[in-house]
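1. Predicted model, plus sequence, below.
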Amino acid sequence: AQTVTQSQPEMSVQEAETVTLSCTYDTSESNYYLFWYKQPPSRQMILVIRQEAYKQQNATENRFSVNFQKAAKSFSLKISDSQLGDTAMYFCAFGATFGNEKLTFGTGTRLTIIP
Amino acid sequence: GAVVSQHPSWVICKSGTSVKIECRSLDFQATTMFWYRQFPKQSLMLMATSNEGSKATYEQGVEKDKFLINHASLTLSTLTVTSAHPEDSSFYICSARDWRLAVNNEQFFGPGTRLTVL
């Protein structure tokens, strides 16, 4: 079974600064997907970024990028030029490639952007 | 594209009654739907996975007779909380996936339903 660990329950950062959220996971799978989801106060889950394990290049989406270290089973999210709208819960999630379609979520990090 | 709706968004019911929550994929066919439960300030816990036309697969510890899931069409899944009690009060979220499209295993989430049992 897969496990996902987010060791930072809460973080805060000044607006316009850069923040990194950490995530580690454990799996015996060789190919899989990793995701970062954002859950703002509305509680709608929003996909921020995804990474395919077989790709060595780190995924980027505008101000969001990941540092994917497959050997270390680490998948951190970097938010650059943080904005007030980035305030939310952030969940790291693991998804197997085939067969088991379930997503396994971490416990989340509550990020607050301070004006 | 890939919009998922839930209805109702908020429901209050009396203890002992049953409540049905609907999850619809609006612009794609959901071959698989997932139901999650989220307690305040906690993560999403998967309750069950349902494939269209077949019985749902429940996670360990989830009472299948209490949480009835029906996925009768490619655009609709329902979760019925039977004989609800205050401890069933929670935020219920569904997600949907079309295996023919989601080569990257992505799930699309509904906005959630807040259930309060008095």
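-> Yep, it's here.

2. for chain B, what spans make up the helices?
-> Counting by DSSP state H, chain B forms no helices at all.

3. Give me the distance between residue A:49 and residue A:35.
-> Going from residue A:49 to residue A:35 by C-beta to C-beta, to the nearest Å gives 7 Å. Quick note: C-beta positions are derived from backbone N, CA and C, even for glycine.

4. Which residue of these two possesses the greater neighbour count?
-> More crowded of residue A:49 and residue A:35, by other C-beta atoms under 10 Å in any protein chain shown: residue A:35, with 25 against 20.

5. Leaving out the residues flanking it, which one is nearest to that one?
-> residue A:93 (4.4 Å; C-beta to C-beta, 6 or more residues apart in numbering or on different chains).

6. tell me which parts of chain B are close to chain A?
-> By C-beta under 8 Å from any C-beta of the partner chain, the residues of chain B that approach chain A are B:32, B:34, B:38, B:41-44, B:46, B:49, B:91, B:93, B:95, B:97, B:99, B:104-107, B:109, B:111-112.

7. Output the below-cut-off pLDDT ranges for the chain.
-> You didn't pick a chain, so chain A it is. A:98-100 (pLDDT under 70).

8. think we crossed wires, I meant chain B
-> Using pLDDT under 70, the flagged stretches of chain B are B:1, B:101-105.

9. Residue A:107: how many residues sit nearby?
-> 16.

10. how about the strands of chain A, start to end?
-> Taking DSSP state E as the test, the strands found in chain A are A:3-5, A:10-14, A:19-21, A:24-26, A:32-39, A:46-52, A:60-61, A:64-69, A:74-79, A:88-96, A:103-105, A:109-114.
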